[in-house]
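In: Output the structure for:
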Amino acid sequence: MDNKYSTIVVLLDQSIGELRTEGRRIIGIDFMPNACNQIERLAKKGYSMILVITQRITAEELASIKKDIPFMTIFAGTSLEMAFEGQELSTIKGLALFSSVDRRSRQIAARRLGLDSIPHLAVSEWILDGKRLYFAKILSGRRPDAKTLELLPYYVEKRENEWLILGLITDSAMLRMFQYGDTVDLLPFDYRKDDCGFFRVDSPQGLSDAHFEGASVLASDKKRLLLAFSDPDFEASALPANAHGALEMLVPSPELLRSSEEPDSFSRRAMEIASSLNELSPELMEPALGLVHSNQLILALPDAATFRSDAERYSGIAPLGTSAPIISRHIKHPDNLRTVNKLVSELSALGYCAYTHSFVHNGQTLYNVIADMPGTGYFQIKPEILKNLLNILHKYPRPWRWPKIERDLERVLGKKVVKELRRTSEGPLKLRLEEVFSVYQWLRLCQLKENKGGFGSQIVLIGCHLDSTIQGYANYNPAVDPAPGMDDNATGIAAVLAAARYLIAFKGQLVHTVRFCFFNAEEAGLLGSKAYAISLKSMNAPVKAVICTDMLGYNSDSNLIFEIHAGYSDPVIRDLSLPIATKVETWASSLGMLQPAQIYMGTSVSAGAPDRSLYDPAISRSDHGAFHQQGYPAIAVTEDYFANLLTEPGRDPNPNYHTAKDNVIDADYGAAIASAVACAIKELATS
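Out: Residues are numbered from 1 along each chain as shown. Got it, this is the predicted structure:
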């Protein structure tokens with residue numbers, strides 16, 4: 001090592017991985033695949049590796065984790081400050097890089113220990129090689145290749161004849177892009193301590209007297225400002241209410257420049273693997289049975305009374321079960337965690353494999369809620385073989401290389417199968433094993449026990465955001481003040497719960513895994529959905545379709561119009577999303593409870609308005625945008641919010657949006673939309 005650093009300190013955040021749990025017990029860490037490779041490379045080069053965990057963990061659990069990763073020193077505490085308390089820090093002070101996507105954590109590490117901070121481990125090797133980093137706006141005639149270019153993207157957008165990339169770039173990579181004829185403009189953004197994001201503005205005239213406390217303007221275009229945030233306490237609720245807009249935080253993600261595998265391609269590959277394994281050892285597998293057909297009798301659809309009850313319970317209009325009513329679901333309010341825990345409890349009681357996905361924001365660990373109904377796939381590993389296989393995988397925790405695994409595998413699968421796996425493996429045998437037997441990292445242990453090794457099963461995801469907010473109010477204190485968010489977005493919660501109740505009748509009968517997601521911190525800039533979409537992309541999860549429900553309940557007239565947003569700046573992703581929109585529209589029409597859906601399919605947030613074939617004002621404005629950005633087909637389903645054509649009735653936006661008065665909904669209208677979405681999800685999961 002010929003640089004000043006001897007140690008790399010890494011915060012366990014959404015860019016690295018998360019604690020693996022079984023029930024309430026922590027049993028290990030699930031690392032992101034790319035993070036594993038980087039940590040191993042750095043350790044082999046002689047750098048001391050320190051992992052910091054800022055969640056509550058027992059001494060016994062910590063000892064178990066240390067046993068799994070003996071080459072890393074672990075500091076643990078319920079906050080970054082507590083993790084450093086009592087630890088031997090004299091050897092690293094001023095001689096280490098600190099890596100975290102969390103702004104507050106980077107600032108604490110710099111202030112407390114004098115460490116140099118980076119926003120992602122992906123740039124560590126560039127820094128250690130003595131290269132300088134710049135934050136740049138790049139315009140390129142082609143999509144850059146992250147494998148050959150030292151570029152960490154925060155944002156990627158397909159324009160008509162070029163690509164817009166915002167991100168960190170090395171000095172040498174910048175020179176190469178100049179040689180290609182690309183435009184690289186440096187922006188005054190300090191990546192070591194700041195974050196950045198877009199404030200998408202509906203009413204630019206409302207910004208005339210705006211003051212962004214804790215933020216500064218880096219750049220702007222027609223309908224958005226690029227802001228830099230230096231204040232660790234800055235929240236989206238501080239943005240000016242009279243401009244009426246939405247915040248999208250930009251998150252460093254190497255995955256943005258990687259193509260996602262098309263769902264049909266994944267299915268073909270899975271079937272090829274199943275066929276070759278069957279030829280090698282017919283006793284390993286059996287056909288999946290009991291599949292439901294998409295035209296099977298429709299069971300009881302979501303009803304208005306239950307929809308209203310759910311929306312009232314999660315907005316504080318009614319008590320949350322036997323406990324006190326929710327005051328606010330804002331990420332700074334204690335009722336946010338109550339909401340998370342109640343959702344896990346309700347989904348588990350319905351019979352789902354429910355768990356949380358954690359991420360860090362402003363020094364706080366937040367949780368998405370995930371629940372799975374495993375798909376059968378087209379072929380399945382026989383139960384007794386899968387049981388033995390899971391025992392081996394549990395013995396050798398992901399994702400580090402284990403040289404003795406082959407001996408155990410031969411006892412379960414036979415030497416002939418293991419030999420073939422070794423022959424066809426492009427990487428560590430264990431990773432190949434996980435792929436071949438559909439035991440992927442994107443499947444939790446509770447799901448693996450039910451999944452029975454389904455080949456070709458993809459993910460059909462229905463999601464919403466669980467948090468709420470009030471925007472632009474003087475003296476608003478999100479830690480104590482009410483933010484009911486009944487329409488935004490207790491109605492989305494009600495819709496996903498309605499789908500969960502409807503679809504549980506088909507458990508064990510659907511080809512594809514149905515995944516129910518409740519994303520946190522959407523109001524803070526799509527943070528929960530971005531963290532989750534990045535994790536799925538990093539693990540090459542085969543996402544077939546995403547439907548997000550956001551504000552389904554406000555309807556002040558007799559025009560039962562609703563919107564479906566499939567638009568995106570990249571027409572390829574838009575075209576993958578349109579069939580999902582069509583399925584929701586078709587079901588809404590066949591159920592006969594709503595007027596025809598307004599499908600937005602444009603590639604611009606402003607150009608071509610109000611022609612829905614040219615523009616979509618909701619591009620990257622709700623959680624579906626996080627999945628679009630990672631290359632997944634996705635739509636958002638909403639009430640009649642945006643401008644209608646002159647030939648249509650006037651739009652019907654909720655006047656109580658982001659106010660304490662958001663406590664009125666039309667439950668019949670919301671339940672009708674939820675019914676169409678639930679039926680579309682079932683159809684998507686059947687073939």
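
In: So M551, which state does it fall into?
Out: Counting by DSSP: H, G, I helix; E, B strand; the rest coil, the backbone at M551 sits in coil.

In: residues touching it, list them.
Out: D487, D488, N489, T491, G492, T638, E639, Y641, N654, Y657 (CB atoms under 8 Å, 6 or more residues apart in numbering). Heads up, the C-betas are built off the backbone N, CA and C, glycines and all.

In: quick one: it from A311, how far?
Out: Per CB to CB, to the nearest Å, M551 is found 11 Å from A311.

In: Show me whatever sits in contact with both of those two.
Out: Common neighbours of M551 and A311 (CB under 8 Å, 6+ apart) are T491.

In: Check which helix or strand the nearest residue to I392 once chain neighbours are set aside maps to.
Out: What sits nearest to I392 in space, not counting adjacent residues and going by CB to CB, 6 or more residues apart in numbering, is D408, at 4.9 Å. Per DSSP states H and E: D408 is located in helix 405-413.

In: Any buried residues in that helix, and which?
Out: The neighbour-count check on helix 405-413 (16 or more other CB atoms under 10 Å) flags I405, E406, D408, L409, V412, L413 as buried.

In: can you pull the contacts of the residue most central in space within the chain?
Out: In the chain, the centroid-proximal residue (CA atoms, centre = their mean) is Y532; its distance is 2.0 Å. By CB under 8 Å, 6+ apart, the contact list for Y532 reads H357, F359, N368, I370, C517, F519, A626.

In: Next, count neighbours for L149.
Out: Neighbourhood size, L149 [other CB atoms under 10 Å]: 17.

In: From P655, how far off is it?
Out: Look at L149 and P655: by CB to CB, they are 48 Å apart.

In: Was I right to think Y352 contacts R515?
Out: No. At 9.8 Å, Y352 does not count as touching R515 under the criterion of CB atoms under 8 Å.

In: Which strands or helices does the lengthiest helix in the chain pack on?
Out: In the chain, taking DSSP state H as the definition, the longest helix is helix 571-591. Under the contact definition 3 or more CB pairs under 8 Å, 6 or more residues apart in numbering; DSSP states H and E, helix 571-591 sits against strand 543-549, strand 562-565, strand 598-600, strand 634-639, helix 667-684.

In: ok, A110 - contacts?
Out: Shown in contact with A110 (CB under 8 Å, 6+ apart): F98, D116, S117, R192, K193.

In: Neighbour count and secondary structure added to those residues, as CSV?
Out: Converted to CSV, those look like this (neighbours: other CB atoms under 10 Å; DSSP: H, G, I helix; E, B strand; the rest coil):
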residue, neighbour count, secondary structure
F98, 24, strand
D116, 17, strand
S117, 23, strand
R192, 16, coil
K193, 17, coil
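
In: can you confirm R501 is in a strand?
Out: No. Going by three-state DSSP, the assignment for R501 is helix, not a strand.

In: what's around it, how many residues?
Out: 17.

In: and what of F84?
Out: Count around F84 with other CB under 10 Å applied: 18.

In: distance of it from S124?
Out: F84 is 20 Å from S124, by CB to CB.

In: picking that back up, P282: which of the helices and strands packed on helix 571-591 is closest?
Out: strand 543-549 (28.9 Å; CB to CB).

In: For the closest one, which outside residues touch it?
Out: 260, 263, 458-464, 489, 491-492, 495-496, 512, 529, 536, 580, 584, 622-624, 627, 632-638, 673-674, 677, 680-681, 684.

In: now the residues you listed: which count as buried?
Out: Here, 16+ other CB under 10 Å leaves 260, 263, 458-464, 489, 491-492, 495-496, 512, 529, 536, 580, 584, 622-624, 627, 632-638, 673-674, 677, 680-681, 684 buried among those.

In: Which stretches in the stretch 51-200 of the chain count as strands?
Out: Using DSSP state E, counting those that start in this stretch, the strands of the stretch 51-200 of the chain run over 72-76, 96-99, 116-118, 133-140, 151-158, 163-170, 183-186, 195-201.

In: Present those as CSV; the columns should include mean pLDDT and distance to I273.
Out: As requested, the strands of the stretch 51-200 of the chain are arranged in CSV below (pLDDT from 0 to 100; distance: least, CB to CB, whole Å):
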stretch, mean pLDDT, distance to I273
strand 72-76, 91, 33
strand 96-99, 93, 36
strand 116-118, 95, 38
strand 133-140, 96, 36
strand 151-158, 96, 31
strand 163-170, 96, 34
strand 183-186, 95, 43
strand 195-201, 90, 41
